[in-house]
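A.B. asks: Here is my input; please provide its structure:
(2 chains)
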Amino acid sequence: MDFLVFQYPMITLQACLDGILLGVLFALIAYGMALQWGVMNIINIAQGDLVILGGYIAYFMYLYGIHPAWGVIVAPVIMYFVGIAIYKLVINKVVDRDLFISILATFGISILFMQLMNFAFGADVVLANSGYGTTMLFDNNVVLPNSKIFSAFISIVFAICLVIYMKKSKLGRAIRATAQNARAAKILGVDTEKVYAATFGINAALCGVAGALISITFTIHPYMGLPYTIRSFMIVIVAGLGNLPGVAMSGMGLGVFEEFADYILGTEFRIGSVFLLLVLILVYRRFKLSRKREYLK
Amino acid sequence: MRLNKIILSFVSALVILFSTSVASFAKVVGDKIILGAAISLTGKYSSNGVHTQNGYNMAVDRINSMGGVKVGGKTYKFDIIYYDDESNPKRAAQLAERLISQDGVEFMLGPYSSGLTKAIAPVTEKYGVPMVEANGASRSLFTKGYKYLFAVLAPANLYLDVAIETAVELNGGKPVRIAQAFEQDAFSQDVRLGILDAAERTGSKIIIDDKLPKELNDMAATLVKVKQMKPDVLVVSGHTKGALTAIRQIAEMKVDVPMLAMTHCDAAKLSKQHGKNSQYALCASQWHKSLTYKDDFFKDGMTYAADFEKEFGYDPPYQSAESSAALLVFKDAFERANSFDQKKVRDALAATNMQTFYGNIKFAPGGQNVDKPMVLFQVMCDASGKCENKVVAPLKWASAKLIHPIPKWSER
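C.D. replies: Purely as a prediction, here's the structure:
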């Protein structure tokens, strides 16, 4: 145990800021998950692998001399079509089956993606350098890499765009209608098949953005997707489906929680503490739910 | 019912036929000595698995073309049966079992990584199959009392203790303050044990001792602590991911530390991926092409590197060099044993005392090579931003002088 973090206010501030910047990025991935979970009732285990694939797109742009930040524009476009393709090939066959089938199917996609990426891109750990430099605050006591600030900013921009799109556009309304009641939407003339495909595509595109940002801020590797799936799953569980401010808040909360767990318990307990939190929240939710039921009786 | 019986007897006949024919598959067929190897050709170790395979193949071709192995007045050639272990320890153990009991291999070459070697060693030990491995450095491999395991490389605990000793020396013999962050895997934890030993020996104090998770992507927390506590040395080991993450975040967070020592710099292609940001990092390596060891087959490191590049199109990492050395060791042992008896070959291996382009090789009773020190190189960049790894320790092979302390970020 290390309580250094509470003795120096600057470290506390640093941990909070690091956590928030990280959390915003998680929230973006989680929002994609929440969207398709809500609309199609599918938990996408391959979420993290889509993120990594997006990262590779930015990385290859970087390799060919294009600044990886452009990956934020290119990756989602490519990933949108990858998403549509996955939907047409696999997801549309499991979309109205039970949750277990969809988990199995996406688990399979996840393994396939990992192996394919490993085969195509090699097993080396890679990253794209943005050359953005660093922002120093409070007499150099708090350092924020500009690449992290950039990713947080881009994540927020994409999240806002998406919210507006969902509210105002025709497809957005169709998506929301399908999420509320697919059958009713179908009766009223919404082409739910198209809505599902678009939703999965949008989710993949969001993963693409996040992946491009991750290649700039962290590292990518074919087998690194799972932690992102787990974190987004966790954020969605905490926030609930279709609750965007909730997703943003729980994303940032998780980021800060992770950073503090890292400082206090040590880096080795970082991921473990996320799992522990997940269990606690599930137990708490169940507890709350059971009380509600009693009340109803 | 009758049909069932027919099928059953047919299958059992096949089984009997197969099990008897296995015996005729021997390790030495005609003029060929067949070695077996399970290597990671797919999965997360595939890049290093391929380096290992290239190293083996290069040595096989070289030895065969230069007269092969002479045993009992007859000349033999090497041949290797490869299987892909998919970077999976369970699969590696199965494949070792298969190589030995089905393919009849009586001599094995090691896989890539300590983890996979650990999975295979009990199998080769059980069957009394001598295995020369080149890519498993974990100390725990050499404390189990294995009799048939020989490693041409120095054990993991020796990777970075030179760095600590150098730091103490540069500090005027006074103890230093060490910050360390290690991934939680067998190899990195062994490197950590080596640092703990070196710290105790020199009276140095470890002020930060972090363990990095396997999913490591972010070590900002450790680096913030480093910034506050200002240690004299920062040691990081977490395979390629650890090296890349550390350099990226140290540069981004402008962490000033007088000495930065790490592992896996060349595997991570640090100087290529990070350019000038990786400058001054000290890296432990089993081998460097500029070392002056010599042998009859590859001449020296420089020639090896040039030949390797001609054949495979890239500069050989140390994983390839040590793999090639494993074949040289086998050749030497076969000739001294003058027999293919596993016990005799094993004893000859244990008595190995030779020099290869890769380094001197002499095995301790545990099987590790005790005659080859680790080298430390430092990433050095010129004004145009081109970076190179230059050996700085041990002094005997140093091609450049260690730059210490590392200049502050504000002065770069």
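A.B. asks: Any part of the longest helix seen in chain A near chain B?
C.D. replies: Determined from DSSP state H, the single longest helix within chain A is helix A:9-40. Yes: Helix A:9-40 lies within reach of chain B by CB under 8 Å from any CB of the partner chain, at A:11, A:14-15, A:18, A:22. Backbone N, C-alpha and C define where each C-beta goes, glycine included.
A.B. asks: mind listing what's buried in that helix?
C.D. replies: By neighbour count with 16 or more other CB atoms under 10 Å in any protein chain shown, helix A:9-40 contains the buried residues A:10-12, A:14-40.
A.B. asks: show me where pLDDT drops low in chain B?
C.D. replies: Scanning chain B for pLDDT under 70 picks out the ranges B:1-27, B:215-216.
A.B. asks: Where do the helices of the chain begin and end?
C.D. replies: If you meant another chain, say so; for now it's chain A. Using DSSP H, helices in chain A cover A:4-7, A:9-40, A:47-63, A:71-86, A:92-94, A:99-121, A:146-168, A:170-180, A:182-187, A:192-217, A:226-239, A:244-265, A:270-296.
A.B. asks: nope, chain B please
C.D. replies: B:2-22, B:46-65, B:89-101, B:114-127, B:161-170, B:186-202, B:220-229, B:239-252, B:270-274, B:301-312, B:318-337, B:342-350.
A.B. asks: Just put those helices in CSV and tack on distance to A:Arg183.
C.D. replies: Below are these laid out as CSV (distance: least, CB to CB, whole Å):
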stretch, distance to A:Arg183
helix B:2-22, 52
helix B:46-65, 48
helix B:89-101, 47
helix B:114-127, 52
helix B:161-170, 67
helix B:186-202, 55
helix B:220-229, 48
helix B:239-252, 47
helix B:270-274, 52
helix B:301-312, 60
helix B:318-337, 59
helix B:342-350, 72
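A.B. asks: Let's have the helices of chain A in JSON lines, adding distance to B:Leu149.
C.D. replies: Output for these, formatted as JSON lines (distance: least, CB to CB, whole Å):
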{"stretch": "helix A:4-7", "distance to B:Leu149": "43"}
{"stretch": "helix A:9-40", "distance to B:Leu149": "43"}
{"stretch": "helix A:47-63", "distance to B:Leu149": "36"}
{"stretch": "helix A:71-86", "distance to B:Leu149": "46"}
{"stretch": "helix A:92-94", "distance to B:Leu149": "48"}
{"stretch": "helix A:99-121", "distance to B:Leu149": "29"}
{"stretch": "helix A:146-168", "distance to B:Leu149": "45"}
{"stretch": "helix A:170-180", "distance to B:Leu149": "59"}
{"stretch": "helix A:182-187", "distance to B:Leu149": "61"}
{"stretch": "helix A:192-217", "distance to B:Leu149": "40"}
{"stretch": "helix A:226-239", "distance to B:Leu149": "33"}
{"stretch": "helix A:244-265", "distance to B:Leu149": "37"}
{"stretch": "helix A:270-296", "distance to B:Leu149": "33"}
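A.B. asks: Of all these, which one is nearest B:Gly68?
C.D. replies: Closest approach to B:Gly68 among the helices of chain A (CB to CB): helix A:99-121, 35.7 Å.
A.B. asks: Return the set of buried residues in that closest one.
C.D. replies: A:102, A:105-106, A:109-110, A:113-114, A:117-118, A:121.
A.B. asks: next one: stretch B:89-101
C.D. replies: Buried-residue list, stretch B:89-101, by 16+ other CB under 10 Å: B:89, B:91-100.
A.B. asks: before we move on, the earlier item: would you mind giving the helices of chain A as a markdown table with mean pLDDT added?
C.D. replies: Shown next, in a markdown table, are the helices of chain A (pLDDT from 0 to 100):
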| stretch | mean pLDDT |
| --- | --- |
| helix A:4-7 | 62 |
| helix A:9-40 | 85 |
| helix A:47-63 | 92 |
| helix A:71-86 | 92 |
| helix A:92-94 | 86 |
| helix A:99-121 | 89 |
| helix A:146-168 | 89 |
| helix A:170-180 | 87 |
| helix A:182-187 | 88 |
| helix A:192-217 | 92 |
| helix A:226-239 | 85 |
| helix A:244-265 | 83 |
| helix A:270-296 | 75 |
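A.B. asks: Give me the number of neighbouring residues for the nearest residue to B:Ile80 once chain neighbours are set aside.
C.D. replies: In space, B:Ile80 comes closest to B:Leu35 once its chain neighbours are excluded; the distance is 4.9 Å by CB to CB, 6 or more residues apart in numbering or on different chains. A count of nearby residues for B:Leu35, using other CB atoms under 10 Å in any protein chain shown, gives 24.
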